[in-house]
Structures are given as structure tokens and as C-alpha cells.
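# got a predicted structure plus its sequence, pasted below:
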Amino acid sequence: GGAAKETAEPENSLELELIWLRNGVERQPEKFTFSPQPTLEDIRRLQAEFTDERDWNQFHKPRNLLLAMVGEVGEVSELFQWRGEVAEGLPDWTESEREQLAHELSDVMIYLVELAEKCHVDLPQAVLRKFALNRQKYPASKVHGSAKKYTEYTD
Ligand SMILES: Nc1ccn([C@H]2C[C@H](O)[C@@H](COP(=O)(O)OP(=O)(O)OP(=O)(O)O)O2)c(=O)n1
């Protein structure tokens with residue numbers, strides 16, 4: 001029946017992706033934020049399924065993934081290279097240029113997540129450890145309003 005269908009759990013990754021996409025389209029936050037889904041672990045799993053289904057794992061060694069990621073960073077750079085400074089939110093870009101950027105940033109993200117997986121770096125946990133280090137290195141009280149590198153401070 002209809003009620004059962006509305007509450008039915010997604011049965012595979014494609015159904016989950018469609019649900020998350022729909023959630024994203026409906027979002028209109030006042031200030032820009034990311035959608036909560038997919039998580040990094042979701043992205044890791046979706047890419048693992050994508051490569052498994054194609055028997056591509058044999059090609060996805062850490063070095064290959066690193067080079068693929070850097071190549072995609074280059075594609076992001078191409079979108080910016082002949083422009084002047086770009087304002088937050090890219091107000092002067094066309095919808096198609098923004099979508100292109102979203103694609104290229106996603107390629108970087110997908111390869112980054114898979115690179116971390118294949119190197120056994122638990123990326124979300126590693127990011128938390130790195131934030132703790134960054135806070136120690138750059139105490140807000142000390143560096144407020146200054147973009148100097150930590151080695152430039154004399155005290
Ligand atoms: N061996 C591969 C090839 C592709 N992909 C996936 C991950 C990326 O998200 C995307 C990259 O695809 P392409 O190499 O075709 O690169 P682009 O999408 O950037 O296309 P183009 O190079 O034409 O701009 O597809 C992958 O996982 N493994």
C-alpha cells in the first residue's frame with residue numbers, strides 16, 4: 001500500500017542517492033551550508049561499489065588515485081585560470097559554469113576519499129586530529145586578523 005511505500009527503507013545505493021538528491025534540492029538555508037548527506041563514509045562506499053561493479057580496483061592503486069586527483073585539481077584550476085579575482089558565491093558565473101565547477105570539485109573529492117581509503121587513512125578522524133593541531137599552532141588570541149605563517153611569529 002501507499003503508506004508502506006512512503007516509509008519503505010531504501011534498498012540499494014541508487015535509491016539512497018535519489019533520496020539524498022531530493023533532500024538537497026529542497027534545501028534553502030539562509031547562510032550557505034552543506035547537506036548532511038552523503039557522509040565521507042557514504043562517499044567511500046559509493047565509489048567502492050562503482051569501482052567493484054567495473055572491476056576497476058586493479059587500476060586504483062594509491063599512486064594512480066593520487067595522479068587522478070591531481071589531474072582533477074588541474075581541471076578545477078582551468079575554470080579559474082583566466083579570470084580575475086572571483087567573489088564569494090561566484091555571482092558572475094553562469095549556471096553551467098557553476099555546475100562544471102561542482103563536477104570537477106566532486107571528482108577531486110571522490111579520488112581524495114578513495115586515496116585515503118586505499119592508504120587506510122580514516123579521513124574524518126584524521127581531519128579532527130588535524131584541526132586540534134591547527135588550533136595549537138594558531139591560537140585565535142595570537143593570530144586574530146593576521147594571515148602570517150606560524151614560522152613568522154617570533155614570540
Ligand atoms: N578509472 C576511472 C575513471 C573514472 N572514474 C570516476 C571518478 C571521477 O569522478 C570520474 C572521472 O572521470 P573522467 O576520467 O572521465 O574525468 P572527467 O569526468 O573529468 O572527464 P573529462 O576528463 O572529459 O573532463 O569518474 C573512476 O573512478 N575511475
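Done, it's in.

# what about Lys150, neighbour count?
No Lys there; residue 150 is Tyr. Other residues lying near Tyr150 total 12 when counted by other CB atoms under 10 Å. Just so you know, the C-beta spots here come from the backbone N, C-alpha and C atoms, and that holds for glycine as well.

# mind listing what it touches?
137-138 (CB atoms under 8 Å, 6 or more residues apart in numbering).

# how far away is it from Val143?
Distance from Tyr150 to Val143, counting by CB to CB, to the nearest Å: 8 Å.

# what about the closest residue in space to Leu101 that isn't next to it in sequence, which helix or strand?
Distance criterion CB to CB, 6 or more residues apart in numbering; nearest residue to Leu101, sequence neighbours excluded, is Leu79 at 5.4 Å. Leu79 is located in helix 62-80, with elements delineated by DSSP states H and E.

# pull out the buried positions in stretch 146-153.
The neighbour-count check on stretch 146-153 (16 or more other CB atoms under 10 Å) flags nothing as buried.

# list the helices and strands the host helix or strand of Asn23 packs on?
If you go by DSSP H and E, Asn23 is part of helix 13-26. Contacts defined by 3 or more CB pairs under 8 Å, 6 or more residues apart in numbering; DSSP states H and E place helix 13-26 against helix 40-53.

# same question for the helix it packs on, mean pLDDT?
Regarding helix 40-53, the rounded mean pLDDT is 98.

# and the angle from it to helix 13-26?
Orientation note: helix 40-53 sits at an angle of 140 degrees relative to helix 13-26 (axes from the mean of the first three to the mean of the last three CA atoms, to 10 degrees).

# list the buried residues in helix 40-53.
So, applying 16+ other CB under 10 Å, buried residues of helix 40-53: 40, 43-48.
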